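Asks: Sequence and predicted model, in that order:
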There are 2 protein chains.
Amino acid sequence: MKIAITGKGGVGKTTIAGLLARTFAADGSRVLAIDADPDANLASAVGFSEEERNSLQPFSRMKNLAKERTGADQNSVGLFVLNPKVDDLPDSHCIEHAGVRLLMMGTVEHGGSGCVCPEHTLLRSLMKHLLLDRDDVVIMDMEAGIEHLGRSTAEAVDVLIVVVEPGQRSLQTSTQIEMLAGEIGIKRIVYVASKVVSHDDLVFLKNALKDKDFLGFLSSSETIRTADKRGLCAFDIGGRFLSEIQGIKTSLTKL
Amino acid sequence: MKIAITGKGGVGKTTIAGLLARTFAADGSRVLAIDADPDANLASAVGFSEEERNSLQPFSRMKNLAKERTGADQNSVGLFVLNPKVDDLPDSHCIEHAGVRLLMMGTVEHGGSGCVCPEHTLLRSLMKHLLLDRDDVVIMDMEAGIEHLGRSTAEAVDVLIVVVEPGQRSLQTSTQIEMLAGEIGIKRIVYVASKVVSHDDLVFLKNALKDKDFLGFLSSSETIRTADKRGLCAFDIGGRFLSEIQGIKTSLTKL
């Protein structure tokens, strides 16, 4: 199953992506996690150490990769090949931890060096061309907001998870995401609630999302907040949120 | 003073931008607020009604504007003019509320329609060419993360406010922002803490940001959270956070 996780900035996309990746892996799936956010931090959410993270070469740091595969120079905004060769990328450009392989789109290396359009093109092709076995799972953590839907980065996923928190702003973003995702042909759009503080929050969100495919929720958690303060992986600490994530995973596998 | 507000997704950039804009306006400054996030919601944070928001034509919706001014077609990723004519945009493309004029870069109108590079080019030129009187303030709310620094959208600002919350991830983002902002020549980079729950949080952040220009903080606020749930403007409801924002404003004017 190819999954992309999207939503307004700060709703908890990366936390959920990391926890889901670890949960699928712990249950025996082969998992490829892809960090498609130039402001990347999926590696720490999955539990990679700083040393492992530093050993990972993101696409953007391999100066010739995007250029060689797409024909685009990273310092210019030119036209480029839309179907670059990508089959070898997961094998040659991954690090692995606790059964989760990780690929990174990478970041803006220098101020004024341009946008990350060529990297998005690589990722789009990668998602399209990856052949999965029955139990394989690919989880792509998207950048905040909606520009990736203009770039169609996630057009080949089977499921788009839209993460919302209790508030109008993340719901406004989700409405736009659903409209744009439909336009690029993403067939399955599902919702996960995050940062839920109270039963009222859950009622508020379920009410706002009635008629939608609602997979489950992640409560607001002091453990997750503390894990971030200390630079630790919440999955390794554990807590009630693990059963919430297990619930979301079960709903996903039933789709 | 030309200010841009940046930081990891969800740290509270838009809330702070909206509150600062209203505070400067209430104290007599002429304020131009610019929403430079394609996942835009500065208008509601400033307090514009839904009707007013719907009356605003963002750059991206004026099909010919970016094309006409930059020479780029929005549906292609081509080369385009780097110094488009922009002087008339604030007068012709604004709405106004409570002394705050608002411009919107606008959003991705259709899935697969491309990136928002041409709109960023327009904004970059606008920031460069705006001539301000002594008390005028321009506040630009950036998109989450760092891609705008690859595009140099904020290169002409006087001050870049980096918003951080108590956690490693927003601090990692801030480190990268500071590096990239330096490379595009932004001279003044200052910090504001957000979503501060406890004294510990504040100590944690001040410690992480020692040697940096720390302007002040905004406490985590149930009023702000409720305002978002109800689609209201926090400034109009009021609360302790208004004096925190006043403190940040005072520090800004002393820079």
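Replies: Received it, and whenever you're ready, just let me know what you need.
Asks: got any ranges where chain A has weak pLDDT?
Replies: Within chain A, the ranges that satisfy pLDDT under 70 run A:61-88.
Asks: Quick check: longest strand in it by residues?
Replies: strand A:188-196 (DSSP state E).
Asks: That one near chain B at all?
Replies: No: using Cβ under 8 Å from any Cβ of the partner chain, strand A:188-196 stays clear of chain B, coming no nearer than 9.2 Å. Placement of C-beta: from N, CA and C, glycine included.
Asks: continuing past that strand, what's the next helix or strand?
Replies: Counting by DSSP states H and E, the element after strand A:188-196 in chain order, helix or strand, is helix A:199-208.
Asks: What helices and strands are in contact with that following helix?
Replies: In terms of contacts (3 or more Cβ pairs under 8 Å, 6 or more residues apart in numbering or on different chains; DSSP states H and E), helix A:199-208 is packed against strand A:188-196, strand A:213-219.
Asks: Find the residue closest to A:A26 in space, skipping its chain neighbours.
Replies: A:G99 (7.1 Å; Cβ to Cβ, 6 or more residues apart in numbering or on different chains).
Asks: And the one you found, how close does it get to chain B?
Replies: Using Cβ to the nearest Cβ, to the nearest Å, A:G99 is found at 23 Å from chain B.
Asks: quick revisit: and the longest strand of chain A, what's buried?
Replies: Across strand A:188-196, burial judged by 16 or more other Cβ atoms under 10 Å in any protein chain shown covers A:189-196.
Asks: circling back: and the residue nearest to A:A26, how many neighbours does it have?
Replies: 15 (other Cβ atoms under 10 Å in any protein chain shown).
Asks: Straight-line length of stretch A:202-221, end to end?
Replies: End-to-end distance for stretch A:202-221: 15 Å, by Cα to Cα, to the nearest Å.
Asks: which residues sit against it?
Replies: Stretch A:202-221 is contacted from outside by A:12, A:15-16, A:19, A:161, A:164, A:166, A:171, A:188-197, A:234, A:239-241, A:244-245, A:247-248, A:251-252, A:255, B:229, using Cβ atoms under 8 Å, 6 or more residues apart in numbering or on different chains.
Asks: what number of residues lie near the closest residue to chain B within the stretch 151-255 of chain A?
Replies: Per Cβ to the nearest Cβ, A:E183 is where the stretch 151-255 of chain A lies closest to chain B, at 3.2 Å. A:E183: 18 surrounding residues under other Cβ under 10 Å.
Asks: what about it, distance to B:G12?
Replies: 30 Å (Cβ to Cβ, to the nearest Å).
Asks: what do you get for A:S49?
Replies: Taking Cβ to Cβ, one finds A:S49 at 30 Å from B:G12.
Asks: Same drill for these two, tell me which one is more crowded.
Replies: Neighbours per residue (other Cβ under 10 Å) separate A:S49 from B:G12, with B:G12 holding more: 25 against 13.
Asks: What's the separation between the more buried one and A:T15?
Replies: Taking Cβ to Cβ, one finds B:G12 at 17 Å from A:T15.
Asks: quick one: buried residues of stretch A:121-140?
Replies: Counting neighbours by 16+ other Cβ under 10 Å, stretch A:121-140 gives A:121-127, A:130, A:137-140 as buried.
Asks: Next, the distance between the ends of that stretch.
Replies: By Cα to Cα, one end of stretch A:121-140 lies 14 Å from the other end.
Asks: Any residue of that stretch touching chain B?
Replies: No: judged by Cβ under 8 Å from any Cβ, stretch A:121-140 stays clear of chain B, getting no closer than 9.5 Å.
Asks: Measure how far that stretch is from the centre of its chain, please.
Replies: 12 Å (Cα atoms, centre = their mean, to the nearest Å).
Asks: again with stretch A:162-177
Replies: Using Cα atoms, centre = their mean, the offset of stretch A:162-177 from its chain centre is 16 Å.
Asks: Need the contact partners of that stretch.
Replies: So stretch A:162-177 is contacted by A:5-8, A:10-13, A:16, A:145-146, A:149, A:160, A:178, A:189-197, A:201, A:204-205, A:208-209, B:14, B:39, B:41, B:44, B:107-108, B:225, B:228-231 (Cβ under 8 Å, 6+ apart).
Asks: Buried only: go through the residues you listed for me.
Replies: Buried members of the contacts of stretch A:162-177, counted by 16+ other Cβ under 10 Å: A:5-8, A:10-13, A:16, A:145-146, A:149, A:160, A:178, A:189-196, A:201, A:204-205, A:208-209, B:14, B:39, B:41, B:44, B:107-108, B:225, B:228-229.
Asks: can you pull the contacts of the closest residue to chain B within chain A?
Replies: Residue nearest to chain B within chain A: A:G10 (0.8 Å; Cβ to the nearest Cβ). By Cβ under 8 Å, 6+ apart, the contact set of A:G10 is A:144, A:165, B:8-11, B:144.
Asks: for it, phi and psi?
Replies: Main-chain torsions, A:G10, degrees, to the nearest 10: phi 80, psi 10.
Asks: Then A:M104?
Replies: Per degrees, to the nearest 10, the backbone of A:M104 is at phi -120, psi 130.
Asks: what residues are up against it?
Replies: A:M104 touches A:34-35, A:40, A:42-43, A:56, A:58-59, counting by Cβ under 8 Å, 6+ apart.
Asks: ditto for A:E119
Replies: Contacts of A:E119 (Cβ under 8 Å, 6+ apart): A:38, A:59-60, A:66, A:105-106.
Asks: Under a three-state scheme, what state does the spatially most central residue of chain A occupy?
Replies: Central residue of chain A (Cα atoms, centre = their mean): A:D141, 1.0 Å from the mean position. A:D141 falls in the strand class when you classify it by DSSP: H, G, I helix; E, B strand; the rest coil.
Asks: all helices of the stretch 1-150 of chain A, in order?
Replies: Secondary structure of the stretch 1-150 of chain A (DSSP state H, counting those that start in this stretch): helices at A:13-26, A:42-46, A:50-55, A:63-70, A:89-92, A:117-129, A:147-150.
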